[in-house]
Each structure stands twice: as structure tokens, then as C-alpha cells.
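Enquirer: pasting the structure only:
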């Protein structure tokens, strides 16, 4: 009985440990960039200016820009621009921060 309890406890601890690793890895996969870092990246020519990004995003999905975030995902700098269209739908436009190339366009839930 004690051996079964120890094995069960070991299994539970292992599952919790692995779940913790998954959470840590998920958080490392997506990281917001601070304003200070963004200014440094802009000065170094590593990202496009916000004005250019919002213009590109609105060309892809016309509307009002609600929010813009600069994030790093899997080593790539990405601007995520939320746009409210004429039908009151919110769209997320993801653009490569260096080139402005469209990565993804999706309707928010």
C-alpha cells in the first residue's frame, strides 16, 4: 500500500513539475517589449516607427486603432495592432516589426 502511495505521489509531483515547465516555456515564448527597449530598437533600425506600422495596419484593415503592442515571439519582433472596423468588429493585425510584412490577420472574439 505504501509503495503504491509513493508511486502515485511521485506521479503527481512529476505532472505538476512538467506543467510548470510548460507554463515557463509559454511565458518565454511571448514577451512584451518595454518602451525603453523599443526606442533602442527603433534607433538601431531594428523596428519600424509606430506611425508606419499603424498606417500599414490600417491599409490592411481600415478602422480605428485601439491598441498597439510590440512583442517578441520565438525570437521575432512583432507589432500587434487592434483595429475597430466600421461594423464594430475588433481585428488583430500582426506585422513583422522590422519589415511591416503581414504575419496574421484575425477577428477577435
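Expert: Received the coordinates, thanks. Here the structure is a predicted model, which means the values were calculated and not measured.
Enquirer: what about residue 45, which SS state?
Expert: The assignment at residue 45 comes out as coil when based on DSSP: H, G, I helix; E, B strand; the rest coil.
Enquirer: what is the neighbour count of it?
Expert: 8 (other C-beta atoms under 10 Å). All C-beta atoms are positioned from the backbone trio N, CA, C, and that covers glycine.
Enquirer: quick one: it from residue 72, how far?
Expert: From residue 45 across to residue 72, the span is 17 Å (C-beta to C-beta, to the nearest Å).
Enquirer: go on, residue 97?
Expert: Relative to residue 72, residue 97 is positioned 9 Å away (C-beta to C-beta).
Enquirer: need the overlap of contacts for these two.
Expert: Taking C-beta atoms under 8 Å, 6 or more residues apart in numbering as the contact criterion, the residues that touch both residue 97 and residue 72 are residue 78.
Enquirer: ends of stretch 69-82, how far apart?
Expert: In terms of C-alpha to C-alpha, to the nearest Å, the two terminal residues of stretch 69-82 are separated by 9 Å.
Enquirer: hmm, back to that, please say which of residue 97 and residue 72 ends up with more neighbours.
Expert: When neighbours are counted by other C-beta under 10 Å, residue 97 and residue 72 differ, and residue 97 comes out ahead with 24 against 17.
Enquirer: can you give me the pLDDT of the more buried one?
Expert: In this prediction, residue 97 carries a pLDDT score of 97.
Enquirer: I figured it hits residue 75, correct?
Expert: No. Taking C-beta atoms under 8 Å as the definition, residue 97 is not a contact partner of residue 75, at 11.9 Å.
Enquirer: and the residue nearest to residue 50 when sequence neighbours are not counted, helix, strand or coil?
Expert: Leaving out its chain neighbours, the residue that sits closest to residue 50 by C-beta to C-beta, 6 or more residues apart in numbering is residue 68, at 6.4 Å. Secondary structure for residue 68, judged by three-state DSSP, is strand.
Enquirer: isn't residue 68 up against residue 55?
Expert: No. Judged on C-beta under 8 Å, residue 68 makes no contact with residue 55 at a distance of 11.6 Å.
Enquirer: comparing these two, which shows the higher neighbour count?
Expert: Between residue 68 and residue 55, counting by other C-beta under 10 Å, residue 68 is the more crowded of the two (16 against 13).
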